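Engineer: after the sequence you'll find the predicted model.
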Amino acid sequence: MTRPRSSFTSSARLFVVAAVLFSSPLSAHTGTGLPGGFLSGFLHPLSGFDHLLAMVSVGLWGAFLGRPLIYILPVVFPVVMVAGAIVGMFDVAMPPVEIVIALSVLTLGGCIALAVKAPVVAASLVVAVFAVFHGYAHGKELPSAADPIAYSAGFVFATGLLHLTGIGLGSLNNLSYGIVATRSMGGVIALCGAWFLYRAVYA
Amino acid sequence: MRGGVLPPALLFCALGLALGCVRRRAWVPCLLVFLATLAVFLLVPMPRDYVEAIFFACWTTVIVTAASVYFVQRFGRWLPIVMSLNAGAWASAVVDISGSRLDVVKAFPCVLLALPASWIAERIGLIPIKVISSWFIAVATLAAVLQLLPVTPGYLPDHLE
């Protein structure tokens, strides 16, 4: 029973390392006039470091907090993200989205690094608030896609798979020194979030 | 572009997930009803004036079918049969209005998602299925809302074309 879990964990780690190496900072929410299609939507969250780290953090924090949040957070995020996307599609004015997205990376990474044991409602609320802004950023781009439905399918499935990657990384907690490893990952994510925030505010 | 194989494929995936949550002995009547409904509705020409309503009903059916993984086990054997009938009807309607009948054949293997879903439900529980069904709910909700947008979505020709 342990072999599949460890192979999944190592695959997840490889996937995250590859995605991090081939992604560029703050590039997930800058595009307009999307070519649009399933593959385009699928690759979109992977091409932006900020979105990628936030999605992995949601799964990682959920795994850190255990049941029931290990599955509540990955369900709450896409459903609330849709609400944010709808707000974006209707072009409703919102606070600076890039700043809140950077803040989401910083906060979620910080929660993992500091091993914050948030109650179910509080953790769900934190994730839901950030999901609105991630959804908003992508909802604004969505209608311009040539095939918005395939694009949104690719985008949502990639987001979900990033959550599962985070949960897979969180399974490291079962190993010796696993908690140190996941908390260190959270620290690195929080540092990246701080850098995104600096860029979003000052650049 | 919004027709083709994707709408029935999403619908069949949602149905597959829902069937994965019920007992396997319920599958035979469900699949028979599903295939019969598909065949019958593919023979009935759909009115072209109702293209938006048919798409909206299709996305609503995806949402309800995917969400049913939360409650389908509590309603006995009739609810899966009704859902199969509903899915078959709207899948054939949407294919008739915006695709080719071959799209139904291409999308049909998605119903087989019931096999891994059932395996997961028995060995791990319903949690992974509920997580994945939330993805389908999200996609279908976005697709339904796209129809209500005040701007021209990418699948419609605009003034530049």
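Structural biologist: Okay, I see it.
Engineer: scan chain A for its longest helix.
Structural biologist: helix A:178-202 (DSSP state H).
Engineer: which residues are in contact with that helix?
Structural biologist: A:25-26, A:49-50, A:53, A:56-57, A:60-61, A:63-64, A:96, A:98-99, A:101-115, A:169-170, A:172-173, A:175 (CB atoms under 8 Å, 6 or more residues apart in numbering or on different chains). Yep, even glycine has a C-beta here, placed from its N, CA and C like the rest.
Engineer: show me what contacts the residue nearest to the spatial centre of chain A?
Structural biologist: By CA atoms, centre = their mean, the mean C-alpha position of chain A lies nearest to residue A:55, the distance being 1.4 Å. By CB under 8 Å, 6+ apart, residue A:55 lies in contact with A:45, A:77, A:159, A:162-163, A:165-166.
Engineer: what's the closest of those to residue B:114?
Structural biologist: Nearest to residue B:114 among these is residue A:163, at 23.2 Å by CB to CB.
Engineer: wait, the closest one sits on residue A:76?
Structural biologist: No: look at residue A:163 against residue A:76 with CB atoms under 8 Å: they stay out of range, at 10.4 Å.
Engineer: please say which of those two ends up with more neighbours.
Structural biologist: residue A:163 (26 against 21; other CB atoms under 10 Å in any protein chain shown).
Engineer: and that one, what element?
Structural biologist: Using DSSP states H and E, residue A:163 falls within helix A:148-170.
Engineer: what angle separates the strand or helix carrying residue B:141 from helix A:148-170?
Structural biologist: Secondary-structure assignment from DSSP H and E places residue B:141 in helix B:127-146. If you take axes from the mean of the first three to the mean of the last three CA atoms, to 10 degrees, helix B:127-146 sits at 150 degrees to helix A:148-170.
Engineer: so, in contact with chain A or not, helix B:127-146?
Structural biologist: Yes: residues of helix B:127-146 contacting chain A under CB under 8 Å from any CB of the partner chain: B:127-128, B:130-132, B:134-135, B:137-139, B:141-143, B:145-146.
Engineer: and residue A:74, which helix or strand is it part of?
Structural biologist: Using DSSP H and E, residue A:74 falls in helix A:69-89.
Engineer: quick one: list the elements packing against that helix.
Structural biologist: helix A:49-65, helix A:120-141, helix A:148-170, helix B:127-146 (3 or more CB pairs under 8 Å, 6 or more residues apart in numbering or on different chains; DSSP states H and E).
Engineer: average pLDDT for the longest one?
Structural biologist: Taken as a whole, helix A:148-170 has an average pLDDT of 88.
Engineer: following the lowest-mean-pLDDT helix or strand in chain A, which helix or strand shows up next?
Structural biologist: Least confident helix or strand of chain A, by mean pLDDT, DSSP states H and E, is helix A:2-21 with a mean of 52. Using DSSP H and E, the helix or strand that follows helix A:2-21 towards the C-terminus is helix A:38-47.
Engineer: what's that following helix packed up against?
Structural biologist: Short answer (3+ CB pairs under 8 Å, 6+ apart): helix A:38-47 packs on helix A:49-65, helix A:148-170.
Engineer: then it to CSV, C-alphas only?
Structural biologist: Extracted C-alpha coordinates of helix A:38-47, given in CSV (Å, rounded to 0.1, in the frame of the first residue of the first chain):
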residue,chain,number,x,y,z
PHE,A,38,-8.5,22.7,-23.8
LEU,A,39,-4.7,22.6,-24.0
SER,A,40,-4.4,26.3,-23.8
GLY,A,41,-6.6,26.4,-20.7
PHE,A,42,-4.8,23.4,-19.2
LEU,A,43,-1.4,25.0,-19.6
HIS,A,44,-2.5,28.4,-18.4
PRO,A,45,-2.3,27.8,-14.7
LEU,A,46,1.0,26.0,-15.1
SER,A,47,2.5,28.9,-17.0
